[in-house]
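Asker: below is the sequence, then the predicted model.
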Amino acid sequence: MKTLLIIGIGAGDPDFLTVQAIKALNRVDVFFLMDKGASKDSLIHLRKHICERFIEQPGYRFVEAECPERVRGVADYRASVVDLNQDKQRVFEQMVHHELAEGEVGGFLVWGDPALYDSTLRIVEDIVQASPEPITYEVIPGITSLQALAARHKVCFNSIGQAFQVMPARRLAEGFPEGLDSVLVMLDARDTYCLFVDQEMDIYWGAYVGTADEVLIAGKVGEVAEEIRSTRAELRERHGWIMDSYLLRRRSADEA
Ligand SMILES: C[S@@+](CC[C@H](N)C(=O)[O-])C[C@H]1O[C@@H](n2cnc3c(N)ncnc32)[C@H](O)[C@@H]1O
């Protein structure tokens, strides 16, 4: 039987790898690498570095594939993601079918944690369901970029006894959720926090968290939004890509 391991590798710092992830890395015969865009070279380099550092026995191999891109600027975002995942599934299927022998273990190194805004779990589940031959798979959790962000800013996700929400920036653009005081925002290409400069809120922002390029800014959103906006633009220009996320928190009446 073929086995697939979906391994969360943490969000940047190789020290984020868990003992469970390291044990899983050491079982893998073939690593499937599929990154995209301007960050591709850096992210593939990091994955290879992680393998060199943590795998004791040489003999594993890498198979790289071109990652399909989502069609951008279309009205139906969800449909564009479903289409993208179908394209990715075809690429994954080819790799598992042609590059992994019976009895071998294939590994997908997923950025952060596989359960958070990542399609690998859904795609692998579909591949396993559709496969004429039996395939087994396991999921190994990783440190998410949000955990890394909170640790670097030394803040909790939630204020005492309250709920919080994790959301992509396109949801935040529709408004701060009713009844909540804390949101964790990912995938923001449009400086969505700038919509809240007139409100009594704090922001804890970080880019490339856990890497040598990490930048952190925190403060009252009205006071630091412009600094974050210009820093983001400069960093994106310098690196050619950016990965950033943030916690936005309403100030309680006594802090405001
Ligand atoms: C497709 S999601 C993947 C999230 C990932 N599975 C995780 O657990 O963090 C990519 C988004 O995660 C956030 N992100 C990932 N790595 C980051 C990092 N090192 N620093 C800041 N934000 C990061 C950014 O918001 C980015 O747009």
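Answerer: Cool, got the structure.
Asker: near the ligand, which residues of this structure show up?
Answerer: With C-beta under 6 Å from any ligand atom as the criterion, the chain meets the ligand at residues 11-12, 111-113, 116-118, 144-145, 186-187, 206-210, 243-245. Quick note: C-beta positions are derived from backbone N, CA and C, even for glycine.
Asker: just the buried residues of these.
Answerer: When the residues of the chain next to the ligand are checked for burial by 16 or more other C-beta atoms under 10 Å, the buried set is 11-12, 111-113, 116-118, 144-145, 186, 206-210, 243-245.
Asker: of those residues, which belong to helices?
Answerer: Among those, the residues falling in helices (DSSP state H) are Ser145.
Asker: find the closest residue to the ligand in the chain.
Answerer: Going by C-beta to the nearest ligand atom, the ligand is nearest to Gly112 of the chain, at 2.1 Å.
Asker: so who does that residue touch?
Answerer: 8-11, 118, 142-145 (C-beta atoms under 8 Å, 6 or more residues apart in numbering).
Asker: and Leu248, what element?
Answerer: strand 244-250 (DSSP states H and E).
Asker: dump that strand to CSV, restricted to CA.
Answerer: Output of strand 244-250 as CSV, limited to C-alpha atoms (Å, rounded to 0.1, in the frame of the first residue of the first chain):
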residue,chain,number,x,y,z
ASP,A,244,1.8,38.8,6.8
SER,A,245,-1.1,38.4,9.2
TYR,A,246,-2.5,40.3,12.2
LEU,A,247,-4.6,40.3,15.3
LEU,A,248,-7.2,43.2,15.5
ARG,A,249,-8.7,43.8,18.9
ARG,A,250,-11.3,46.3,20.0
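Asker: contacts for that strand, please.
Answerer: Contact with strand 244-250 is made by 145-146, 149-150, 153, 155, 157, 159, 172, 176, 181-186, 188, 193, 196, 199-209, 221, 228, 232, as judged by C-beta under 8 Å, 6+ apart.
Asker: 6 Å instead, please
Answerer: Outside strand 244-250, the residues within contact range by C-beta atoms under 6 Å, 6 or more residues apart in numbering are 145, 149, 181-186, 201-205, 207.
Asker: state the pLDDT value of the residue nearest to Gly240 when sequence neighbours are not counted.
Answerer: Spatial nearest neighbour of Gly240, chain neighbours left out: Ala38 (4.1 Å); criterion: C-beta to C-beta, 6 or more residues apart in numbering. Model confidence at Ala38, given as pLDDT, is 71.
Asker: domains in this protein, by residue range?
Answerer: 2-140, 145-250 (automatic domain parsing).
Asker: which of those comes out lowest on mean pLDDT?
Answerer: Mean pLDDT is lowest for domain 2-140 among the domains of the chain, at a mean of 89.
Asker: which elements pack onto the longest helix belonging to the chain?
Answerer: Of all the segments of type helix in the chain, defined by DSSP H, the longest one is helix 77-99. Counting contacts by 3 or more C-beta pairs under 6 Å, 6 or more residues apart in numbering; DSSP states H and E, helix 77-99 packs against helix 120-130.
Asker: in CSV, list the C-alpha atoms belonging to the helix it packs on.
Answerer: In CSV, the C-alpha atoms belonging to helix 120-130 read as follows (Å, rounded to 0.1, in the frame of the first residue of the first chain):
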residue,chain,number,x,y,z
THR,A,120,-3.8,19.8,0.8
LEU,A,121,-6.1,17.8,3.2
ARG,A,122,-9.2,18.1,1.0
ILE,A,123,-7.2,17.3,-2.1
VAL,A,124,-5.5,14.2,-0.6
GLU,A,125,-8.8,13.0,0.7
ASP,A,126,-10.3,13.2,-2.8
ILE,A,127,-7.3,11.4,-4.3
VAL,A,128,-7.6,8.6,-1.7
GLN,A,129,-11.3,8.2,-2.4
ALA,A,130,-10.8,8.1,-6.2
